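[1] please find the sequence and the predicted model below.
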Amino acid sequence: AKFPNISWESDSKREGLTTGFDEKLNELWLKQYNREVGSTFAPREKYADFRLDFSTESSISSILDESAQVEGHLLGLGYGVMAVLIVLTMGNYFRAIICLNNKSDSQRAMVNSHSVLGLFGLLTIALSSVAGIGLASYSQIIFNGLTIQLVPFVSLGLGIDDMFVLAHTMILMNDANKYDSVAENMAAVVRLAGPSVCLTSFANAAAFILIYYVPINAVRQLVLVCMISVLANLLFLFLIFVPMMVFDMKRQRESRMDVIFIKASTEKRSQNEETAARQASLLSSFINKIYAPLLSNGIAKLFILAIFAGVFGLALWNGIENTEEGLLASDIALRDTYVRDFADLIETKITAQKVSLVMVTRNYNISNPLGQQRILDTLNSLEQSPWLVPGMRLHDVNFLSNGSGSLLSFYSTLQPTGALPGCPAANVSTPISVPQCFNAFFPQWYSAVGLGQAPYLYCRDANRARVSCGSRSASVSISRTGYYIGNLGSHENHLTAIQDVRDRVDRFSDGNMELFTIGYITYYWEQYFGITTTLIAAIGFGLAGIFLITFIFQLNPWLSIIVCTVILMIVVELVGLMQPMGVKMNAISIANLVISIGMAVEFTAHYARAFLLAPGNRNERMKLALQEMLQPMINGALSTIIALSVLSLAKFPFFRTYFAFMYIVMVLVAFANGLILLPVILSLIGPRERKQDQDHCRSAKAASEETGIPMGTRAPPSQNSSLVRLVYTSTEV
């Protein structure tokens, strides 16, 4: 074929030509695979009784790229479902419906609704995700399929909790009506919730930046983009969402209804609205009357600790013993596609793979007999490997050894004729002992019979400049010898075979001559050598970053240790659940476990800080912290789970398993540990009340006795002033 007007010096044009040829080949062979009319594999045609299975250079990469693309309609549907949930949780529509028989009451309920604020918060998170990705791209961070898949959901999962915490704090302060001006009220909201949001954001960023030192490129690229997205989310919340909270607070104080912003009737609240208010605070009643007393019960605490200890132990055992490693092409490709059929064929029936032995000279020329002997010894060692395909002789394919066209074979034939006067005799299995003879003979061999080795040789002159191997000044700098290893089949066999040939080659490699093996299986399976160590390092770096930031923000090392311990339990439990979920240990699952550290921070650090600042004994502080944080955490967990559940409709089973299913389980495990186990642990061994808070605790108890409202209860708006003073007085100090 002729290709006019193509500049062969252009990398992009050469790449385009190769890609175009590959695509054309795919198109032609796909017709044969599908037995289309006109193909030679169609019914009643020449090869009707045969089946064509094929794969091209771009087949696997194409299927990886396709599976890595987030289906836009599913992402939009997920955000849409989350928007509906936010409207239901932050809107007051249920109360407004109950009060429909009284126009004033219904309008008042709409005044206390915050659905527009919630939707604006969701939009802020979406914008921060886009901005984070854009900033990462501008910083020339390399994107891969893993990054494209995860970042939108990481931003959503980590950002929505912070948004709910800010909004919930604002609603509490609005109900309390403690300050006369909106500015004072908003300053109190930021003063109370701001440090908690900053704590989780900076803890996540620190964890991600330390995890960057894990030696898996896909994970390193992911955590860099996640770190930028987390910080962008923090910036957007304070610069965009907080000002919107100011407008919403003004709207509520001016008695304007949510959504339509029309001023409502200011008549006195009726009994209907009081009843609706009580019904709308069922969660508060559940926390104060059922959940907190249950967690305060000694027997219940022992039961919860025993359950979680058993789950942790079982997860640790299952994770160590039964978690599989690997991710094959057949795990990713769709069923009934040519890529899946070819992958099944290669993985189950054709179990041999080509590997190349590469030699790179450093400090001496290949004409040195020591270098030649080292190559021969390496070939002898590799031929003893039990993984070499039976009958495979590396000497027959190496440029130096005793194949019919090899250098030593040609030398042993030519030297007795007198063509090389003064050079010693040699045979096909010993090196040429005189470097000058080797240098004089090498160009002759290359021009006569060695051109077939040209693709596998790289030659330089004395100045280290590349020259033709037929030049008299040429010296072999790099050589490559291809061979096949077989009996691979299972994942374990791949690792054992690679390690065996690597050990055989490494014993002959040093600073003078480097020898190593490369090939598809070494590229792909390299990640699994030391993958357990890599996972432990990722978890360790992440926990170190979280400990550092939580200590800086809270100045309480004991609380930081407790938080990191619970986060470690969450990650271990997820590892133990991988095998039942059908998830294998690989770069993608490690990336997901890295993200789980960030998810765990959201469900532990917020509550831990609320506990630290609450007044009273440990049980009272546990109750106050639950009252403050359980509702926004439930809202955040439900929103994330429902949004992720939409991804179960994804086309690729791989995407459904590794992202939708694993992320839903991740949120559930983090929520259970953060808001069931952590409160029990803190109620038993949590840090004591800070000394500066003890006087405020006594005032809080006195106010509680005076009003008849239990500490931590969210009373109706008319009585809430005392409550907010009790919950937040320590922070204000």
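    Arrived safely, thanks for sending.

[2] export stretch 544-558 as CSV, just CAs?
    What follows is stretch 544-558, C-alpha atoms only, in CSV (Å, rounded to 0.1, in the frame of the first residue of the first chain):
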residue,chain,number,x,y,z
ALA,A,544,-0.7,8.8,59.3
GLY,A,545,-2.1,11.8,57.5
ILE,A,546,-5.4,11.5,59.3
PHE,A,547,-3.7,11.3,62.7
LEU,A,548,-1.6,14.3,61.9
ILE,A,549,-4.5,16.5,60.9
THR,A,550,-7.0,15.4,63.6
PHE,A,551,-4.3,16.0,66.2
ILE,A,552,-3.6,19.5,64.9
PHE,A,553,-7.3,20.4,64.8
GLN,A,554,-8.2,18.8,68.2
LEU,A,555,-5.0,18.7,70.1
ASN,A,556,-6.0,15.4,71.6
PRO,A,557,-3.8,12.4,70.6
TRP,A,558,-6.0,9.9,72.4
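
[3] buried ones in it, by neighbour count?
    Using 16 or more other C-beta atoms under 10 Å as the test for burial, stretch 544-558 gives 545-551, 553-554, 556. Just so you know, the C-beta spots here come from the backbone N, C-alpha and C atoms, and that holds for glycine as well.

[4] contacts only, for the residue lying closest to Ser155 once chain neighbours are set aside.
    Counting by C-beta to C-beta, 6 or more residues apart in numbering, Ser155 lies nearest to Ser129, which is 3.6 Å off, once chain neighbours are set aside. Residues in contact with Ser129 (C-beta atoms under 8 Å, 6 or more residues apart in numbering) are 151-152, 155-156, 159, 229, 232-233.

[5] what comes up buried for the helix or strand containing Ser129?
    Using DSSP states H and E, Ser129 falls within helix 115-138. The neighbour-count check on helix 115-138 (16+ other C-beta under 10 Å) flags 115-126, 128-129, 131-133, 136 as buried.

[6] distance from it to the middle of the chain?
    20 Å (C-alpha atoms, centre = their mean, to the nearest Å).

[7] immediately after that helix, which helix or strand?
    helix 145-176.

[8] helices along the stretch 351-500 of the chain, start to end?
    Secondary structure of the stretch 351-500 of the chain (DSSP state H, counting those that start in this stretch): helices at 369-383, 407-414, 435-448, 491-506.

[9] of all these, which one is nearest Ala205?
    helix 491-506 (35.0 Å; C-beta to C-beta).

[10] which residues are in contact with that closest one?
    Against helix 491-506 from outside (C-beta under 8 Å, 6+ apart): 324-326, 355, 357, 378, 381-382, 384-387, 485, 487-488, 515-517, 521-522, 525, 528-529.

[11] what do you get for stretch 442-458?
    367, 399, 405, 407, 410-411, 414, 466, 469-472, 474, 476-482.

[12] can you tell me which of the residues you listed are in strands?
    Of the positions in the contacts of stretch 442-458, 466, 476-482 sit in strands, assigned by DSSP state E.

[13] ok, of the residues you listed, which come out buried?
    By 16+ other C-beta under 10 Å, the ones in strands among the contacts of stretch 442-458 give 476-477, 479-481 as buried.

[14] of those, which is the nearest to Ile262?
    Arg480 (77.9 Å).

[15] how far away is the residue minimising distance to the centre of the chain from Gly313?
    Centroid-nearest residue in the chain, with C-alpha atoms, centre = their mean: Ala591, separated by 2.8 Å. Distance, Ala591 to Gly313, by C-beta to C-beta, to the nearest Å: 26 Å.

[16] likewise Leu638?
    29 Å.

[17] what do you get for Leu199?
    In terms of C-beta to C-beta, Leu199 sits 30 Å off from Gly313.

[18] of the two, which one has the most company?
    A count of neighbours by other C-beta atoms under 10 Å puts Leu199 above the other of Leu199 and Gly313, at 21 against 12.
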